[in-house]
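this one's sequence-less:
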C-alpha cells in the first residue's frame with residue numbers, strides 16, 4: 001500500500017514464494033466451528049476466564065472455546081474475523097486488520113478483549129477503526145463468554161468478553177528442553193502472507209517462551225461494487241454520483257508484526273514469571289483515499305500463582321500488565337493527523353478457596369489506571385486519566401445434581417479530564433450481582449439458568465467527545481451528565497453432551513435502563529453528520545442453537561451433521577430499532593474425520609437486516625459456502641499440520657451489518673486459504 005513502511009520485507013518475500021507454490025494445490029472444502037474427533041471434546045477443555053476454571057458445560061453462563069486444530073483452521077487477520085463464525089458472535093469489520101468481536105449485538109465498551117486474564121490495554125474500544133493489539137496466530141486458546149462477565153472483569157465486560165490465552169509466561173515445566181512451532185499461511189482474497197514461529201522450553205525450574213509473527217496483506221478483493229446497492233440508490237436519489245470502484249476495497253492493505261519474550265521460575269507449588277511483547281501495525285482506513293493508521297504497543301506482563309496444600313486456600317493468582325501505546329492517524333503519507341497515546345497498567349489479585357466439601361469460590365481485587373491523550377486538529381476527545389478499583393467475589397455450592405453460583409462486584413471509577421478542557425470530573429460507582437444454577441437432570445443433560453444485574457459507568461468518549469471523528473465519518477458530541485447504565489440479563493440453556501449426540505439451545509433477554517448510544521441528530525458540522533451520546537431504555541433478546549448428529553461411524557472414521565442458528569433483536573423501549581444489530585443466521589455443515597484427516601463443508605444463510613435505526617441503511621441477505629481439508633502428518637520428531645480452506649465459494653456480496661462501514665466495505669469475495677504448521 002502506498003505510503004506504508006516496509007516491515008520485514010525480506011521475510012515477506014520468502015513467505016510469498018512458499019505460499020504461492022502451495023496455493024497451486026486444489027481444494028474445495030473449509031472449516032466450520034465444530035468438535036474435531038482427533039481433538040479433546042469441549043467438556044475436556046478448561047475455560048480460564050470463568051471463576052473456577054471449568055469446562056463450558058459445567059458453568060451457568062454460555063461460553064465457547066477455540067483451541068487446537070479447530071483454532072488453527074479459523075485464524076484470520078484479526079480477532080473479530082477469527083471469531084465471527086462462532087454462534088452469538090459477529091464483528092465490527094473495519095477492514096481485515098481492525099475488527100473487534102460483537103457478542104449478541106453488543107460491542108465497543110461492553111465487550112472486553114483480554115490478554116490472558118487482563119485487559120488488552122489498547123484503545124480499540126474507543127473507535128471501531130482501531131485495531132486490537134492481540135494476535136490470534138500466536139494464541140493457544142481463545143475463550144468467549146456470552147453475556148455479562150462484569151462480575152470478574154469489570155463493567156467493560158457487561159456484554160461479554162474474549163480471552164486470548166497464550167504461553168508467553170510459562171506456567172508449567174517444559175516437557176522438552178526446547179520445542180518449536182512454525183507456521184506459514186496465506187489467502188488469495190487479500191494476498192495475505194503470514195509467518196509465525198514460537199519456541200518453548202526450559203530446564204529444571206526455569207521455563208521460557210519466544211514468539212514472532214509477520215503479516216502483509218494487499219487491498220481486499222470483492223465480487224462487485226464497494227458501495228452497497230442501498231447506498232448507490234440513495235446517492236442517485238440525492239443527485240450524487242456513486243463510486244465506480246468495484247472488484248476491490250481501496251486502502252485496505254496492511255503490514256503487521258510483533259513478538260514476545262517471556263520466562264518463569266516454576267516450583268512444585270506455583271510459579272512466577274514475566275514477559276515483554278510488542279505489536280506493530282500499519283493499515284489503511286477504508287473510505288479514505290490515502291489515510292492510514294500507524295500503531296505501536298510495548299507491553300510488560302507479570303504473573304504469579306501459588307497453590308498451597310492443606311488449607312482452605314486453593315490458589316492465589318496475581319496478574320499485572322503495563323502498556324505503552326501510541327498510534328498516529330495519517331491523512332496521507334507524510335501528513336500526520338491525530339496522535340493517540342495511552343499509558344496504562346492493571347493489577348489483579350484473586351484467591352481461590354473452599355469451605356468444607358461443598359462450597360468453592362474466589363475473591364479478589366482489581367486496579368486499573370489509564371492515562372490517555374489525543375493530539376491534533378481532529379482530536380475529538382480531551383486528555384483524561386481514568387482510575388478504577390474493584391472488589392469481587394464468586395461462590396459455588398454443589399447439591400448433588402444441582403450447582404448454585406453466586407457472585408458480586410463493586411467498582412469505583414474516576415475520570416479526570418484535562419483541566420484546560422473546562423469539563424467536570426466523573427466519579428461513579430457500579431455494583432453488579434449474579435445468581436445462577438446448573439441442574440444435571442440426566443447423565444448427559446443439564447439445564448442452566450443465569451440471572452445478572454450489571455451496572456456500567458460511562459467512558460471518556462461518551463462523556464467528553466466533541467469534534468470530528470473522521471474514520472467513523474461523523475461529528476461526535478458527548479454528555480458529561482450521563483448516568484451509569486444498568487441491565488438485568490437472563491440466560492437459559494439446555495445442554496446435551498454424549499459421545500454420539502451433542503446439542504445446546506440458549507435463550508437470553510437483556511433489559512437495559514439508561515442504555516448509552518450515539519444518536520444521529522440530523523445536524524451537520526464540519527461537513528459530517530452529528531451524533532450525540534444519549535441514554536434511553538432498551539432491550540436485547542435472542543437465541544443460539546446447535547446440534548451435532550452422527551451420520552456414520554466405523555472405527556476411526558465418522559461423519560457428523562451440524563445444524564446451527566443464532567438471532568438477536570435490539571430495540572428501544574419507546575419504539576425504534578438499535579443500529580448495527582446482526583441479522584438472523586442459520587446453516588448446516590458436514591464433517592468427516594478419519595484418523596489424521598479432516599474434511600468439512602458448511603453453508604450459512606444470513607438474512608436481510610431491515611429492522612434498522614434512523615439514518616441506517618438495510619443490509620441484503622447473502623449465503624456463505626465454505627469448505628476445508630486438513631491433514632496432520634506425522635514426522636520423525638513432531639507433526640506437520642497442513643490445511644486448505646475455501647471461503648465465500650459462491651463469491652457472494654456479503655456485508656457485516658454490525659460494521660459501521662458495511663455500505664462501503666463488504667467482506668472478501670471467493671478466497672483460497674492455505675497453511676502449514678510444523679510442531680517439533
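Perfect, I can see it now. Since we're looking at a predicted model, the values are computed, not measured.

going forward, measure contacts and count neighbours with C-alpha atoms only.
Will do.

Pull out the buried residues from the helix or strand harbouring residue 266.
Assigned by DSSP states H and E, residue 266 falls within strand 254-267. Across strand 254-267, burial judged by 16 or more other Cα atoms under 10 Å covers 254-266.

what does stretch 176-186 give?
Buried residues in stretch 176-186, counted by 16+ other Cα under 10 Å: 179, 181-186.

what's across from the residue nearest the centre of the chain in the sheet?
Ranked by distance to the mean C-alpha position of the chain (Cα atoms, centre = their mean), the top residue is residue 101 at 4.0 Å. Under DSSP bridges, the beta-bridge partners of residue 101 are residue 91.

which ones are touching it?
By Cα atoms under 8 Å, 6 or more residues apart in numbering, the contact set of residue 101 is 79-81, 83-84, 89-92, 107, 111, 162.

please redo it, this time with the cut-off set to 7 Å
Listed by Cα atoms under 7 Å, 6 or more residues apart in numbering, the contact set of residue 101 reads 79-80, 83, 89-92, 107.

Which members of the buried residues of stretch 176-186 occur in helices, if any?
Within the buried residues of stretch 176-186, no residue falls in helices by DSSP state H.

export those residues to a markdown table and tack on pLDDT?
Shown next, in a markdown table, are the buried residues of stretch 176-186 (pLDDT from 0 to 100):
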| residue | pLDDT |
| --- | --- |
| 179 | 95 |
| 181 | 95 |
| 182 | 96 |
| 183 | 96 |
| 184 | 97 |
| 185 | 96 |
| 186 | 94 |
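
Residue 508 falls within a helix, correct?
No. The assignment for residue 508 (DSSP: H, G, I helix; E, B strand; the rest coil) gives strand, which keeps it out of a helix.

Skip the chain neighbours and tell me the closest residue to it.
residue 491 (4.5 Å; Cα to Cα, 6 or more residues apart in numbering).

just checking, that neighbour is part of a strand?
Yes. Judged by three-state DSSP, residue 491 forms part of a strand.

what packs against the helix or strand hosting residue 71?
Using DSSP H and E, residue 71 sits in helix 68-74. Helices and strands touching helix 68-74, as assessed by 3 or more Cα pairs under 7 Å, 6 or more residues apart in numbering; DSSP states H and E, are absent.

coming back round to it: work out the sheet partners of the strand holding residue 266 and label each with its direction, please.
strand 206-217 (antiparallel), strand 270-284 (antiparallel).

Determine how far the lengthiest strand in the chain lies from the middle of the whole chain.
Longest strand in the chain, counting residues (DSSP state E): strand 528-554. Counting by Cα atoms, centre = their mean, to the nearest Å, strand 528-554 is centred 14 Å from the centre of its parent chain.

Specify the angle between the helix or strand just after that strand and strand 528-554 in degrees.
Going down the chain from strand 528-554, the next helix or strand is strand 557-572, by DSSP H and E. Strand 557-572 and strand 528-554 are oriented at 150 degrees to each other (axes from the mean of the first three to the mean of the last three Cα atoms, to 10 degrees).

Contacts made by strand 557-572 with the rest, please.
Outside of strand 557-572, the residues within contact range by Cα under 7 Å, 6+ apart are 87-88, 104-105, 536-553, 577-578, 581-595.

What is the burial count for the nearest residue to residue 106 once chain neighbours are set aside?
Closest residue to residue 106 apart from its sequence neighbours, by Cα to Cα, 6+ apart: residue 159 at 6.0 Å. Applying other Cα atoms under 10 Å, we find 28 residues neighbouring residue 159.
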